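Student: This is a predicted model, with the sequence first.
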Amino acid sequence: MQKVTMKDVAKLAGVSTSTVSRVVSDDDRISQDTKEKVLEVMEKLNYYPNSAARSLANKETEIIGLVMPSYEEDIFINPFFQEVLKGVSSITSKNSFDILIATNHEGEDDLDVLKRIVQTQRVDGLILTRSKKDDEGIKYSKEHNIPFVLIGSCLEYDDIPAVDNDNKQAAYNLTSLLINKGRRKIAFISGEINSIVTLKRYKGYLNALQEHDIEVNDDYFISDEFLEESGYKLMSELLKLNDKPDAIVCADDLICVGVLKRIKESKKYNVPEDIMLASFNNTILAKYSNPTITSVDINSVQLGKKASKKLINNLNKKSKSDNSKEILDYKIIKRDSTLLNNE
């Protein structure tokens, strides 16, 4: 495929190459209409300006882009993202970097966000806070040599810099905890099904059931979004079943809060006597809910710190970057949602 040049963009947009160059540098002398027209052509031609690549490589902006979930998932409600941001900022501030928090504009997907902040030379590198199957953002970043670090895992590439937990093993241990307390009808409630963290935690849940000779009930696996409202809605579906679960593994504390709310509203079931709850992320939501929720501490702040250190080290290196994956420890914090009176 022939490489797209600035001249190609200028010709299709009906402007001069100098205008394209000024749009790329976000020059205030160019009108908003012209900028939008040129950016639309760049998008259509998949044009990645060399000047932006040089900016990324040379650390000219001293800004790191922190790519958060879409506007539909309120990052200011879910404490996980707040704790990751705390970890990131503690390292960037020590290294004289600022943070640009990037979320989806309405109508944008994750790839649109990456293209928007990279093509306008706003950042030196990126920290991605989630990953999906066939992740276009990761693919785009690799193809265009954009420095980035992933908080999470990627199924398609082994050679990307990342920090994560062993989510499959953590889910296995969490589910086994419930099984060892005599629970056999264990449901799994999660966010988006194509999320890598969902897939890994679900796999660990399945492994625990299979190892303990518990038949898998397809009605017990339901997913929606990583939101409190999703937990509430999905728990409502489980309560309609004739054979209701006696324990639930939630993939996120925010989801679990919604689950707990729905159980309490039913006034028919108690936690943990009738239904035990276990969750992930060990956020303030788990610590101060009523009853308190057993949750896996995944060291969210440390994830942010490690990702920042890895990215800054890669930006400062002039030669080979560190494309390794670092796995952080986790710990199950046992609380009232899995403790009976006789324990």
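Tutor: It's in.

Student: show me where the stretch 151-300 of the chain has helices.
Tutor: 167-180, 196-211, 228-239, 253-266, 284-288, 300-316 (DSSP state H, counting those that start in this stretch).

Student: Nearest to residue 113, out of those helices?
Tutor: Comparing those by their distance to residue 113 (CB to CB), the top pick is helix 300-316, with 17.1 Å. (Glycine included, C-beta is placed from N, CA and C.)

Student: Output that closest one as CSV, nothing but the C-alphas.
Tutor: The C-alpha coordinates for helix 300-316 follow below in CSV (Å, rounded to 0.1, in the frame of the first residue of the first chain):
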residue,chain,number,x,y,z
SER,A,300,-5.3,-0.4,41.8
VAL,A,301,-3.0,2.5,42.9
GLN,A,302,0.1,0.3,42.3
LEU,A,303,-1.3,-0.5,38.8
GLY,A,304,-1.3,3.2,38.0
LYS,A,305,2.2,3.7,39.5
LYS,A,306,3.7,0.7,37.6
ALA,A,307,2.1,1.7,34.3
SER,A,308,3.4,5.3,34.7
LYS,A,309,7.0,4.2,35.5
LYS,A,310,7.1,1.8,32.6
LEU,A,311,5.8,4.4,30.1
ILE,A,312,8.1,7.2,31.4
ASN,A,313,11.1,4.8,31.3
ASN,A,314,10.2,3.9,27.7
LEU,A,315,9.9,7.5,26.7
ASN,A,316,13.2,8.4,28.2
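
Student: residues touching the closest residue to residue 159 other than its chain neighbours, list them.
Tutor: In this structure, residue 159 finds its nearest non-sequential neighbour in residue 323, 4.9 Å apart by CB to CB, 6 or more residues apart in numbering. Neighbouring residues of residue 323 by CB atoms under 8 Å, 6 or more residues apart in numbering: 159-161.

Student: what's the helix or strand for residue 323?
Tutor: Under the criterion DSSP states H and E, no helix or strand holds residue 323.

Student: sorry, back to before: so which of the contacts of residue 323 is the closest to residue 90?
Tutor: residue 161 (19.0 Å).

Student: what secondary structure does the closest residue to that closest one other than its chain neighbours sit in?
Tutor: In space, and not counting its chain neighbours, residue 161 is closest to residue 149: 4.6 Å by CB to CB, 6+ apart. Here residue 149 is strand, with the state taken from DSSP: H, G, I helix; E, B strand; the rest coil.

Student: now residue 101
Tutor: strand.

Student: ok, the closest residue to it other than its chain neighbours - contacts?
Tutor: Leaving aside its chain neighbours, residue 101 sits nearest to residue 66 (5.2 Å; criterion: CB to CB, 6+ apart). Going by CB under 8 Å, 6+ apart, residue 66 touches 85, 88, 99-102, 126-127, 129.

Student: Would you list the phi and psi of residue 66?
Tutor: Here is the backbone geometry of residue 66 (degrees, to the nearest 10): phi -110, psi 110.

Student: Could you give the bridge partners of it?
Tutor: Per DSSP bridges, the residues bridged to residue 66 are residue 101, residue 127.

Student: ok so, going back, using JSON lines, please lay out the helices of the stretch 151-300 of the chain together with mean neighbour count, distance to residue 245 and mean pLDDT.
Tutor: What follows is those, written out as JSON lines (neighbours: other CB atoms under 10 Å; distance: least, CB to CB, whole Å; pLDDT from 0 to 100):
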{"stretch": "helix 167-180", "mean neighbour count": "20", "distance to residue 245": "10", "mean pLDDT": "98"}
{"stretch": "helix 196-211", "mean neighbour count": "20", "distance to residue 245": "12", "mean pLDDT": "97"}
{"stretch": "helix 228-239", "mean neighbour count": "20", "distance to residue 245": "6", "mean pLDDT": "97"}
{"stretch": "helix 253-266", "mean neighbour count": "22", "distance to residue 245": "11", "mean pLDDT": "97"}
{"stretch": "helix 284-288", "mean neighbour count": "17", "distance to residue 245": "19", "mean pLDDT": "96"}
{"stretch": "helix 300-316", "mean neighbour count": "21", "distance to residue 245": "27", "mean pLDDT": "95"}
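
Student: Would you tell me which of these gets closest to residue 37?
Tutor: helix 300-316 (32.5 Å).

Student: Packing partners of that closest one?
Tutor: In this structure, helix 300-316 makes packing contacts with strand 63-67, helix 79-94, strand 125-128, strand 148-151, strand 162-165, strand 325-328, judged by 3 or more CB pairs under 8 Å, 6 or more residues apart in numbering; DSSP states H and E.

Student: between these, which one is nearest to residue 230?
Tutor: Once these are compared by CB to CB, helix 79-94 is nearest, at 14.7 Å.
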